[in-house]
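*Asks:* Dropping a prediction and its sequence here:
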Amino acid sequence: MRLKNQAHHPFVQWKTALAALFCALAMTACRRRHAPPPPAPEVATVTVALQQVLLTTELPGRTSPYRVSEIRPQVNGIIQERLFTEGSDVKAGQVLYQIDPAPFQAALDNAKAGLGRAKANLPAVQSRFARYKEALADKAVSQQDYDDADAALKQAEADIQSWEETVETARINLGYTRILAPISGRIGKSSVTGGALVTAYQPVSLATVQQLNPIYVDVPQSTIELLRLKSRLGDGRLSHGSANQSQVQLILEDGTTYPSAGTLQFRDISVDQMTGSVILRTVFPNPNGVLLPGMFVRAVVKEGVNKQAILLPQQAVSRDPKGNPLVLTVGADGKVGLRMLSLDRAIGDQWLVASGLAPGDRVIVEGMQKARPGAEVSAVPFVDARKPGANPGNAAQPAPNSN
């Protein structure tokens with residue numbers, strides 16, 4: 001009975017609990033000494049490889065008509081009728097305006113009458129000259145009479161030629177009363193109506209015809225970019241591509257791509273002193289009239305082919321506090337390294353790297369927040385789930401515990 005009471009004494013119970021606690025702590029420390037280290041964080045990497053890339057430049061520009069013709073009268077007169085619809089397509093040689101032809105027809109008739117009189121007088125003068133020529137041989141007429149007959153003949157012939165020129169001039173002026181379209185294209189609004197008085201070669205045009213198919217696109221290129229491009233081509237960093245090197249793509253104001261490619265015709269030989277740029281003129285087919293003069297567009301001009309380009313996903317590139325680009329790499333020993341880069345330009349969702357990487361380098365794309373320079377990581381290939389055929393299950397996943 002006494003032993004039973006001692007077992008339930010408070011002091012004995014406290015000693016028993018303390019001993020159990022010490023045992024538990026000892027067992028926990030023992031387990032910690034024998035536990036495996038945590039696994040290295042897993043990161044997804046891409047391996048740097050050289051590839052051939054076509055480099056392009058996107059430049060702003062505006063459209064301009066292929067040909068422009070301002071319609072002006074070539075004779076004075078009254079407009080009888082306008083023979084076209086404003087804003088319509090006209091053909092070369094189509095009559096646009098009719099000037100009152102009556103005075104010009106009268107001038108032509110008068111010139112023809114004068115020509116007829118001159119021709120009617122010619123046979124008599126020729127006959128007189130022939131008689132005087134024979135008589136002079138027999139000394140029946142004086143030399144002066146012969147010379148007068150010869151001069152009269154030449155004057156009659158000159159009169160005929162003069163009247164023929166007068167007839168031709170009157171015929172030309174009569175033709176000018178029909179004002180024709182010199183080129184095919186789309187005609188704008190008319191500045192005159194029927195009954196208006198017009199003068200030859202007046203400063204204000206009657207209308208304007210613009211040929212819109214094909215159509216020009218003029219884009220400025222800075223001289224800095226031009227010199228840089230020549231330098232790259234000269235030192236071999238860029239090379240001319242295939243025969244379609246001069247093809248140009250067009251992006252419209254709403255962001256859509258124009259369906260037909262254009263052709264680069266030439267670079268201007270003079271520099272605009274105000275903007276420091278040269279004009280690139282390209283020509284595009286425009287059968288449906290989508291492109292109108294004065295539209296703002298963006299032209300994608302081909303520069304050349306970089307046969308040793310290095311491209312990186314943009315998400316792999318970070319910036320230091322000063323804004324300099326950098327990437328994290330995984331070495332052969334599995335440790336993280338830091339590389340500073342020099343970037344050329346963005347191509348789609350990738351960066352074109354100018355320097356800082358070499359073929360075979362492994363660059364971390366995903367899991368950068370878990371990687372620190374000098375730390376050991378486990379690298380797996382990066383798979384872009386946005387690309388067709390990619391398997392998202394191959395992306396970076398937590399490494400299994402081998403222990």
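*Replies:* Okay, I see it. Numbers count the residues shown, from 1 in each chain.
*Asks:* From here on, just use CA atoms for contacts and neighbour counts.
*Replies:* OK.
*Asks:* And the top helix by length along the chain, what does it pack against?
*Replies:* When the chain is parsed with DSSP state H, its longest helix is helix 102-137. Contact here means 3 or more C-alpha pairs under 8 Å, 6 or more residues apart in numbering; DSSP states H and E; on that basis helix 102-137 packs against helix 143-175.
*Asks:* Tell me the first helix or strand C-terminal of the helix it packs on.
*Replies:* Sequence order places strand 178-180 as the next helix or strand after helix 143-175, per DSSP states H and E.
*Asks:* in its sheet, what does that following strand sit against?
*Replies:* Partners of strand 178-180 in the sheet, by DSSP bridges, are strand 95-99 (antiparallel).
*Asks:* for the record, mean pLDDT for the strand it pairs with?
*Replies:* Taken as a whole, strand 95-99 has a mean pLDDT of 96.
*Asks:* And for stretch 350-363?
*Replies:* Mean predicted lDDT for stretch 350-363 stands at 91.
*Asks:* That stretch: which residues count as buried?
*Replies:* Judged by neighbour count using 16 or more other C-alpha atoms under 10 Å, the buried positions of stretch 350-363 are 350-353, 357, 361-363.
*Asks:* Please apply the same query to stretch 252-267.
*Replies:* 258, 261-264.
*Asks:* which of those residues lies closest to residue 213?
*Replies:* Closest to residue 213 out of the buried residues of stretch 252-267 is residue 262 (12.0 Å), distances taken as C-alpha to C-alpha.
*Asks:* Would you mind stating the distance between that closest one and residue 246?
*Replies:* 8 Å (C-alpha to C-alpha, to the nearest Å).
*Asks:* Equivalent analysis for residue 105, please.
*Replies:* 54 Å.
*Asks:* give me every residue that touches the residue nearest in space to the middle of the chain.
*Replies:* The centroid of the chain falls nearest to residue 299 when counting by C-alpha atoms, centre = their mean (2.3 Å). Neighbour list for residue 299: 57-61, 219, 248-251 [criterion: C-alpha atoms under 8 Å, 6 or more residues apart in numbering].
*Asks:* still on that earlier bit, okay, the buried residues of stretch 350-363 in JSON lines with distance to residue 324 next?
*Replies:* Converted to JSON lines, those look like this (distance: C-alpha to C-alpha, whole Å):
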{"residue": "350", "distance to residue 324": "17"}
{"residue": "351", "distance to residue 324": "14"}
{"residue": "352", "distance to residue 324": "15"}
{"residue": "353", "distance to residue 324": "13"}
{"residue": "357", "distance to residue 324": "15"}
{"residue": "361", "distance to residue 324": "20"}
{"residue": "362", "distance to residue 324": "20"}
{"residue": "363", "distance to residue 324": "17"}
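*Asks:* Just the residues you listed: which are in helices?
*Replies:* Per DSSP H, the buried residues of stretch 350-363 never map to helices.
*Asks:* any idea which of these is closest to residue 158?
*Replies:* residue 352 (81.1 Å).
*Asks:* Was I right to think the closest one contacts residue 309?
*Replies:* Yes - using C-alpha atoms under 8 Å, residue 352 is in contact with residue 309, at 7.0 Å.
*Asks:* mind listing the helices for this structure?
*Replies:* For the chain, the helices defined by DSSP H cover 2-7, 10-34, 102-137, 143-175, 223-234.
*Asks:* Inside strands: which ones of the buried residues of stretch 350-363?
*Replies:* Among those, the subset assigned to strands under DSSP state E consists of 350-353, 362-363.
*Asks:* Thanks a lot, catch you later.
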